[in-house]
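K.L.:
Give the three-dimensional model of this entry:
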Amino acid sequence: MKEIAKKLGVSVSTVSRALKDSPELHEETKRKIVEMAKEMNYQPNLLAQSLESVVPKPWASSYLRSPPTFLHPALAVFKTTLTQENTM
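P.N.:
Next up, the predicted model:
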């Protein structure tokens, strides 16, 4: 993705979003990135993609430690479950 970003003068995150067909980007930008990816025979890193859903985000753990008090009580159960799973 870094090479595609460098060739097109965009950020790596823009390339990532374009390859995931994000609605946040203009269609023309996505088209150029997808075309360049095809030209360069880009293959996604499946290991990195699988880690994306497994590795906890730093903001999530800090949020779960002290959620706002106005949240629904059901979220307390969610917090407890996640906390228990992370300590196993």
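K.L.:
residues near residue 35, how many?
P.N.:
If you count neighbours by other C-beta atoms under 10 Å, residue 35 ends up with 12. In short, each C-beta sits where N, CA and C put it, glycine included.
K.L.:
and the helix or strand hosting it, what does it pack onto?
P.N.:
Using DSSP states H and E, residue 35 maps to helix 27-39. In terms of contacts (3 or more C-beta pairs under 8 Å, 6 or more residues apart in numbering; DSSP states H and E), helix 27-39 is packed against helix 2-8, helix 12-19.
K.L.:
Would you mind pulling the contact partners of the longest one?
P.N.:
For helix 12-19, the surrounding residues in contact (C-beta atoms under 8 Å, 6 or more residues apart in numbering) are 1-2, 4-5, 8, 24-25, 29-30, 33-34, 37, 42, 44.
K.L.:
Show me which of those residues are buried.
P.N.:
With burial judged by 16 or more other C-beta atoms under 10 Å, the buried subset of those is 1, 4, 5, 8, 25, 29, 30, 33, 34, 37, 42.
K.L.:
Please produce a markdown table containing the contacts of helix 12-19, extended by pLDDT.
P.N.:
Listed next are the contacts of helix 12-19 as a markdown table, based on pLDDT from 0 to 100:
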| residue | pLDDT |
| --- | --- |
| 1 | 87 |
| 2 | 90 |
| 4 | 92 |
| 5 | 93 |
| 8 | 93 |
| 24 | 90 |
| 25 | 90 |
| 29 | 94 |
| 30 | 94 |
| 33 | 93 |
| 34 | 93 |
| 37 | 92 |
| 42 | 89 |
| 44 | 79 |
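K.L.:
Using JSON lines, lay out those residues together with distance to residue 17.
P.N.:
Listed next are the contacts of helix 12-19 as JSON lines, based on distance: C-beta to C-beta, whole Å:
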{"residue": "1", "distance to residue 17": "11"}
{"residue": "2", "distance to residue 17": "15"}
{"residue": "4", "distance to residue 17": "12"}
{"residue": "5", "distance to residue 17": "11"}
{"residue": "8", "distance to residue 17": "13"}
{"residue": "24", "distance to residue 17": "6"}
{"residue": "25", "distance to residue 17": "6"}
{"residue": "29", "distance to residue 17": "9"}
{"residue": "30", "distance to residue 17": "8"}
{"residue": "33", "distance to residue 17": "9"}
{"residue": "34", "distance to residue 17": "12"}
{"residue": "37", "distance to residue 17": "13"}
{"residue": "42", "distance to residue 17": "14"}
{"residue": "44", "distance to residue 17": "13"}
